[in-house]
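**Q** one predicted model, sequence on top.
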Amino acid sequence: MTETAATADPRPGSTFRSLRVRNFRLFFAGQLVSQTGTWLTMVAQTLLVLKLTRSGVAIGLLTACQFLPLLLMGAWAGSVADRVDKRRLLLWTQAAAMGQSLALAAVVFTGHATVPAIYALALVQGVLTALDNPARRAFVVEMVPQEMVANAVSLNSAVMTGSRVLGPAAAGALVVTVGFGWTFLIDGLSYLAVLYGLWAMRASELRAATPGARGPGKVREGLRYVRGERGLLVPLVMTAVIGTFAINFQVTIPLLVTGPLQGGDSTFTVLFSVLSLGSLVGALWTARRTEVTNRQLVVAAAAFGVAMLGLAAVPGLVAAFPVAVLLGVASIAFMTSSTSIVQLRAAPELRGRVLALQAMVFLGSTPIGGPIVGWVSDVLGPRAGIALGGLACLGAAAWAAHAFRRPDAGVELDTPEGRVAEGRAVTLAD
């Protein structure tokens, strides 16, 4: 029997049940290879700028180049994702991203790896991410049956976090042994896996949404929809605050390791991998959930804040590793809870725009928070930059707990109306 999204056995409770669907397996395998390669470039870029400047602000500006296009273009990119063939769009964006990584390799091999050149290529990467992100996340919904969507969303997060385990460690080893150029080249070649996966999919087995009509006001329509739905607005505001001040690990972790903890570049990549290992454990744990509640969202944000404050206070490298595991679990628990709630509550015809808005406040807030946290770290020390993130998480958790209890909230903290059960919906964070 041909395996299709419609005939695959869901068997609720299995952590990997979405992998029984052929199209999702191809997507999953391609993303695992490609995302690991992407982290090679992300970490290598950070190490290269750190080597050239030794400046926290310079690293923050690099992060701004990578994510500012997402902030500026995200809403428009979401409307594009709502009205085009997502698989075809992903083929184009992934091919272009492959070219960007190969260009990075070229500037290093030819001796033109200056900070402006790295920033320019990071900006190109940001534009491609802005186009790719909403389409890729909304596409997850089209590959699996409705009852597998929440599981597919969590497994997609597991891919993203799993690549953070392999990517930074591999980047550190490659930079030390073969240099920056080969690291970027390997990332470029890794895109072949995801391009093959997208090309080999059976289009007839996709649950493609009806493309939305082209016309003016589509972006404003999405914004009005979110503003009127408190069940969507609260997690989006939390994500904006936490994304701005806490999710700047590329800025804070290298400064902490090479500063107060007196480690080196390779130590940074190992600690980053340990943090990502915790995230992977958290993602697999959340994949087994059959519902996501507002209470889980609030608790995860609070735990994230406590873990950040714990990392800011660690006396040395040895203590940093177990705290990094807890930080990884707490951060991915917050991200998967927030994203699942947003995706599952969004109306199908507005999903691309809502997901783009969620990506804007999650990844797009980084260009604002990266330089701020980098400046705080330069002036007051890396521990202060991390502590700022911890306090932001605790503040967001306290505000959300209050907001969900308001009579006009529409969804309460932990009632059936405040839950998002598997079978009602859609996609995830990276």
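**A** That came through, no problem.
**Q** strands of the stretch 301-430 of the chain, start to end?
**A** Assigned by DSSP state E, counting those that start in this stretch, the strands in the stretch 301-430 of the chain fall at 419-421.
**Q** and the helices in it, which stretches?
**A** 317-345, 351-362, 366-380, 382-405 (DSSP state H, counting those that start in this stretch).
**Q** dump those to JSON lines, plus distance to Phe16.
**A** From N, CA and C alone the C-beta is placed, and that goes for glycine too. Shown next, in JSON lines, are those (distance: least, C-beta to C-beta, whole Å):
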{"stretch": "helix 317-345", "distance to Phe16": "16"}
{"stretch": "helix 351-362", "distance to Phe16": "24"}
{"stretch": "helix 366-380", "distance to Phe16": "31"}
{"stretch": "helix 382-405", "distance to Phe16": "30"}
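**Q** relative to Gly243, which of the ones you listed is closest?
**A** Gly243 lies closest, by C-beta to C-beta, to one member of the helices of the stretch 301-430 of the chain: helix 351-362, at 4.6 Å.
**Q** does that closest one pack against any helices or strands, and if so which?
**A** Other elements packing on helix 351-362 under the criterion 3 or more C-beta pairs under 8 Å, 6 or more residues apart in numbering; DSSP states H and E are helix 56-83, helix 115-143, helix 218-227, helix 230-245, helix 317-345.
**Q** just the angle between the top helix by length along the chain and helix 56-83, please?
**A** Looking across the chain with DSSP state H, the single longest helix is helix 22-53. Computed by axes from the mean of the first three to the mean of the last three C-alpha atoms, to 10 degrees, the angle separating helix 22-53 from helix 56-83 equals 160 degrees.
**Q** just the buried positions in helix 22-53, please.
**A** 22-50 (16 or more other C-beta atoms under 10 Å).
**Q** any idea which of the helices of the stretch 301-430 of the chain scores lowest on pLDDT?
**A** Lowest mean pLDDT within the helices of the stretch 301-430 of the chain: helix 351-362, at a mean of 76.
**Q** tilt between that helix and helix 317-345?
**A** 150 degrees.
**Q** in CSV, could you pull the C-alpha coordinates for helix 351-362?
**A** What follows is helix 351-362, C-alpha atoms only, in CSV (Å, rounded to 0.1, in the frame of the first residue of the first chain):
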residue,chain,number,x,y,z
ARG,A,351,-1.5,30.9,9.2
GLY,A,352,1.4,32.1,7.0
ARG,A,353,1.0,35.7,8.2
VAL,A,354,0.6,34.7,11.8
LEU,A,355,3.6,32.5,11.6
ALA,A,356,5.6,35.3,10.0
LEU,A,357,4.6,37.6,12.8
GLN,A,358,5.7,35.1,15.3
ALA,A,359,9.0,34.7,13.6
MET,A,360,9.3,38.5,13.5
VAL,A,361,8.9,38.8,17.2
PHE,A,362,11.1,35.8,17.9
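**Q** and the angle from it to helix 230-245?
**A** Going by the same axes, to 10 degrees, helix 351-362 makes 40 degrees with helix 230-245.
**Q** chain center to helix 351-362: distance?
**A** 12 Å (C-alpha atoms, centre = their mean, to the nearest Å).
**Q** orientation of it relative to helix 115-143 in degrees?
**A** Between helix 351-362 and helix 115-143, the angle comes out at 140 degrees (the same axes, to 10 degrees).
**Q** which strands and helices lie in contact with the longest helix of the chain?
**A** Helices and strands touching helix 22-53, by 3+ C-beta pairs under 8 Å, 6+ apart, are helix 56-83, helix 86-109, helix 115-143, helix 149-177, helix 180-200, helix 249-258, helix 265-287.
**Q** could I get the ones you listed as TSV with mean neighbour count?
**A** Compiled in TSV, those are given as follows (neighbours: other C-beta atoms under 10 Å):
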stretch	mean neighbour count
helix 56-83	23
helix 86-109	19
helix 115-143	22
helix 149-177	24
helix 180-200	20
helix 249-258	24
helix 265-287	23
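**Q** Phe304 is nearest to which of the ones you listed?
**A** helix 265-287 (10.5 Å).
**Q** what about that closest one, average pLDDT?
**A** Averaging pLDDT along helix 265-287 gives 77.
**Q** and for Ala320, the neighbour number?
**A** 23 (other C-beta atoms under 10 Å).
**Q** distance of it relative to Ser266?
**A** For Ala320, the distance to Ser266 equals 14 Å [C-beta to C-beta, to the nearest Å].
**Q** re the thing from before, could you dump the helices and strands packed on helix 22-53 into TSV with distance to Ile372 added?
**A** Shown next, in TSV, are these (distance: least, C-beta to C-beta, whole Å):
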stretch	distance to Ile372
helix 56-83	8
helix 86-109	26
helix 115-143	18
helix 149-177	23
helix 180-200	27
helix 249-258	10
helix 265-287	21
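**Q** between the ones you listed, which gets nearest to Arg345?
**A** Once the helices and strands packed on helix 22-53 are compared by C-beta to C-beta, helix 149-177 is nearest, at 12.2 Å.
**Q** tell me what the closest one is packed against?
**A** Counting by 3+ C-beta pairs under 8 Å, 6+ apart, the packing neighbours recorded for helix 149-177 are helix 22-53, helix 115-143, helix 180-200, helix 265-287, helix 317-345.
**Q** okay, these in TSV with distance to Gly99 next?
**A** Converted to TSV, these look like this (distance: least, C-beta to C-beta, whole Å):
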stretch	distance to Gly99
helix 22-53	13
helix 115-143	9
helix 180-200	8
helix 265-287	26
helix 317-345	29
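**Q** which of these sits closest to Trp92?
**A** Of all these, helix 115-143 sits nearest to Trp92, with 8.3 Å by C-beta to C-beta.
**Q** and the angle for that closest one with helix 86-109?
**A** For helix 115-143 against helix 86-109, the angle by the same axes, to 10 degrees is 160 degrees.
**Q** please name every helix or strand in contact with helix 115-143.
**A** Using 3+ C-beta pairs under 8 Å, 6+ apart: helix 115-143 touches helix 22-53, helix 56-83, helix 86-109, helix 149-177, helix 351-362.
**Q** between these, which gets nearest to His402?
**A** Using C-beta to C-beta, the helices and strands packed on helix 115-143 put helix 351-362 closest to His402, at 19.5 Å.
**Q** now do that closest one against helix 218-227, angle only.
**A** 70 degrees.
**Q** hmm, back to that, right, so the helices of the stretch 301-430 of the chain: which one is the most enclosed?
**A** Across these, averaging neighbours per residue (mean count of other C-beta atoms under 10 Å) puts helix 351-362 on top, at a mean of 28.
**Q** mind listing what Val107 touches?
**A** Counting by C-beta atoms under 8 Å, 6 or more residues apart in numbering, Val107 makes contact with 113, 117-118, 121.
**Q** between those residues, which is nearest Ser331?
**A** Ile118 (26.6 Å).
**Q** I figured the closest one hits Leu47, correct?
**A** No. Ile118 is not in contact with Leu47 according to C-beta atoms under 8 Å; the separation is 11.0 Å.
**Q** having no further points to raise, I will conclude here.
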